[in-house]
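*Asks:* output the structure for:
(chains A and B)
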Amino acid sequence: MSSVDTTTNAGQLLATASGGRRRRGDRIFSNTAVIAAVTILALLVGVAVFLVTEGYPALTASSAELPKGESFLSYVAPLAFGTCLAGVLAMIIAVPLAVAVALFITHIAPARIALTLGFFVDLLAAIPSIIYGLWGIFVLGPAAVPAMKWLEEKLGWIPIFEGPASITGRTMLVVGLVLAVMILPIVSAVAREVFSQTPRKLQEGAQALGATRWEMIRTTVLPFGKSSVISGAMLGLGRALGETMAVAIILSVSGGVTFNLIGQANPSTIAANIALNFPESSGLAINLLIATGLVLFVITLATNFLARMIIARSNAQ
Amino acid sequence: MTPPPDNSAALSTRSVLAGEGSGGGTLPDWAPYGAFGGALVFCAAVLAALGWFTVALMLVFGCLVAIVAIYAWSRPVEGRRRAKDRAITMAIVAAFGIAMAPLISLLYEVVKRGAAGISWEFFTSDARGAITGGGAEHAIVGTLIITACAVVISVPIGLMAAIYMNEYGRGPLLRALTFFVDVMTGIPSIVAGLFAYALFELFLGPGIQMGIMGSLALSVLMIPIVIRSAEEVLKIVPNHLREASYALGTPKWKTITKVVLPTAFAGLVTGVMLATARIIGETAPLLVTTGVVSSLNTNPFQGRMQNLAVYAYNEYRSPGVMKQASYDRAWAAALTLIAIVMILNVIARLVYRRYKTEIR
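*Replies:* Below is the predicted model:
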């Protein structure tokens, strides 16, 4: 950092020393840069302000005025529950797999194919969510029907597999799987990055002491990458919480709160609920949807804050 | 990146050193493959006997059995620690396979099903008044226009902000910007759409939908990606280049435009293309802001504008009389989108490889 500061000062000194025309160029350019920076902050503030302004009528309206005839809180609570359920489910499925993918690419696959695999996984992060949605409803859902029936029959005593199993495959479990597939590239990209930065000294030291590859990974790579993996998982969670189209397409929603992952009736998510209802809404119904969007914004913000805090704390140590 | 040296001499030395004392033998090279294949066959047979056979169950149980099998096989020959190493390596490879399977299936299905809907008509006509459903020309044109506007908004702002952060920034504004760009990365796409809608509704009245609103929503998503990648690239431009330029008496802004930016050019272009690829398939914000329409509209400031992602969603959601034809078009739109995204990605990497300045 100090070297950057010196050059900055040197540049400014020289610029001040030379003619006024140059100084004007500098001033215009640096002002433009500052304006761009402030614009971005204004944009973010704008997102919050406009959501609040447009959501406010729904927040203050009495339950009789609202389209569903129930208060805002009782409208948004099941949606928030569904959002968190889908997000957490996706995270639980995706994170172990993502760590395994990252370990495979950085430490197990031959170096020559590792680069290609890394590129491939990155490419998958760019696939539009609508396509994951179509794949989920046309391919994974039908394929999961027999498996869910099996779960109901054999593991039905666990509440989450209580059933009766859906015959369409449009269940929370399938949504969780699709969201997991979607966030896997993101989480594994973060994990891969940090795993490949593990100091070679540590790794070689572990091996020189006779550690097997797994012992080397467990004692050097995993501790080194732990906080980044956690924050990557939180980023993935944030992505899953805000994911709209895949959920809107796949999930067969009926409101209500249930932990049953394989049934016909599932709680909707905030984002999917907006996408499904927005095109046909007007008036206060729109304000209501925007207010739920505000809730989603707050939930994802909280998730991201938590992720940053974890990183900051582990960096401090 | 390179796996640890893995020759068997080193291994046996290691197990001797480790003093596990279980013979120090080694399984044959094909042991992991053998264990996995055997486990698959075994599970297929057992599942078939029980009448539960599905490919998914066979693979899941096959992996579990293979992990146990390789451990049980290696334990008496190579000792506890090597056995554990083998079992976990097997588990990681299996997890990698399980993670990749859906992604490969997805690409396969999109290509297979999308090809059915691709036709000359799909690219050359819109869907106005077409009983058979028509084509997606309006959606393709709309996607290009909306995305282009988003790029035009995002790139200058994002680039200048990155320049600010890397070349000028200091104090609270820099700290705030660094922090809030992170926050911005996490904004759900639907929220960006609602923001654009709320903004325009406030000034132009309710029910407003047009292309530029979609571009604004996409910009909210694109700007942080552009900043992140540009910052990354500007950071690796070595300081001695800047210092050399200052030593010649070049003012700072000229140093940035004539030295720093050209050095980082390939990386900047790559970053912008990857960011474009990320937003071009966004659906949710456009569903809210640009609406659904069946005819071609080339003016982003007037009226609704269709785009590929919303088109695919709509063909699925409200199929016409001929359901299958609608689904085919949805998949064709998905295939077109994936093709655009992949092409952007590949070109971006090629640009980077071809034009990147060797930085020493």
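*Asks:* and chain B, what are its domains?
*Replies:* Under the assignment named as automatic domain parsing, the residue ranges that make up the domains of chain B are B:8-117, B:121-355.
*Asks:* want to try TSV for the ones you listed, with mean neighbour count, mean pLDDT and distance to chain A as columns?
*Replies:* The way it works is simple: take the backbone N, C-alpha and C, and place the C-beta from them, glycine included. As requested, the domains of chain B are arranged in TSV below (neighbours: other Cβ atoms under 10 Å in any protein chain shown; pLDDT from 0 to 100; distance: least, Cβ to the nearest Cβ, whole Å):
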stretch	mean neighbour count	mean pLDDT	distance to chain A
domain B:8-117	17	79	3
domain B:121-355	21	88	2
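*Asks:* quick one: closest of those domains to residue A:275.
*Replies:* Residue A:275 lies closest, by Cβ to Cβ, to one member of those: domain B:121-355, at 5.4 Å.
*Asks:* save the domains of chain B as a markdown table, and put in distance to residue A:308 too.
*Replies:* Written out in a markdown table, the entries for those read as follows (distance: least, Cβ to Cβ, whole Å):
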| stretch | distance to residue A:308 |
| --- | --- |
| domain B:8-117 | 26 |
| domain B:121-355 | 6 |
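*Asks:* which one of those lies closest to residue A:170?
*Replies:* Taking Cβ to Cβ as the measure, those were each checked against residue A:170, and domain B:121-355 came out nearest at 12.9 Å.
*Asks:* gap between the two ends of the closest one?
*Replies:* 38 Å (Cα to Cα, to the nearest Å).
*Asks:* show me what contacts the nearest residue to residue B:301 once chain neighbours are set aside?
*Replies:* For residue B:301, ignoring the flanking residues on the chain, the nearest one in space by Cβ to Cβ, 6 or more residues apart in numbering or on different chains is residue B:212 at 5.6 Å. Residue B:212 sits next to B:149, B:300-301 when contact means Cβ atoms under 8 Å, 6 or more residues apart in numbering or on different chains.
*Asks:* residue B:212: helix or strand, and which one exactly?
*Replies:* Taking DSSP states H and E as the criterion, residue B:212 maps to helix B:211-235.
*Asks:* so which elements touch the following helix or strand past that helix?
*Replies:* Of the helices and strands lying after helix B:211-235 in sequence (DSSP H and E), the nearest is helix B:239-247. Under the contact criterion of 3 or more Cβ pairs under 8 Å, 6 or more residues apart in numbering or on different chains; DSSP states H and E, helix B:239-247 touches helix A:2-17, helix B:252-255.
*Asks:* against which helices or strands is the shortest one packed?
*Replies:* Okay, so that is helix B:252-255. With contacts taken as 3+ Cβ pairs under 8 Å, 6+ apart, helix B:252-255 sits against helix A:2-17, helix A:20-60, helix B:239-247.
*Asks:* re earlier: would you reformat the contacts of residue B:212 as a markdown table and include secondary structure?
*Replies:* Converted to a markdown table, the contacts of residue B:212 look like this (DSSP: H, G, I helix; E, B strand; the rest coil):
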| residue | secondary structure |
| --- | --- |
| B:149 | helix |
| B:300 | coil |
| B:301 | coil |
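*Asks:* residue B:101: which of the helices and strands packed on helix B:252-255 is closest?
*Replies:* With distances scored as Cβ to Cβ, the stretch of those nearest to residue B:101 is helix A:20-60 (37.6 Å).
*Asks:* quick one: distance of that closest one to the chain centre.
*Replies:* For helix A:20-60, the distance between its averaged C-alpha position and the chain's averaged C-alpha position is 25 Å (Cα atoms, centre = their mean, to the nearest Å).
*Asks:* quick check: angle from it to helix B:211-235?
*Replies:* When axes from the mean of the first three to the mean of the last three Cα atoms, to 10 degrees is applied, the directions of helix A:20-60 and helix B:211-235 differ by 130 degrees.
*Asks:* going by neighbour count, which residues in the helix or strand following helix A:20-60 are buried?
*Replies:* Proceeding C-terminally, helix A:20-60 gives way to helix A:72-103 as the next helix or strand, assigned by DSSP H and E. Within helix A:72-103, the residues that qualify as buried are A:72, A:75-76, A:78-87, A:89-91, A:93-95, A:97-103, counting by 16 or more other Cβ atoms under 10 Å in any protein chain shown.
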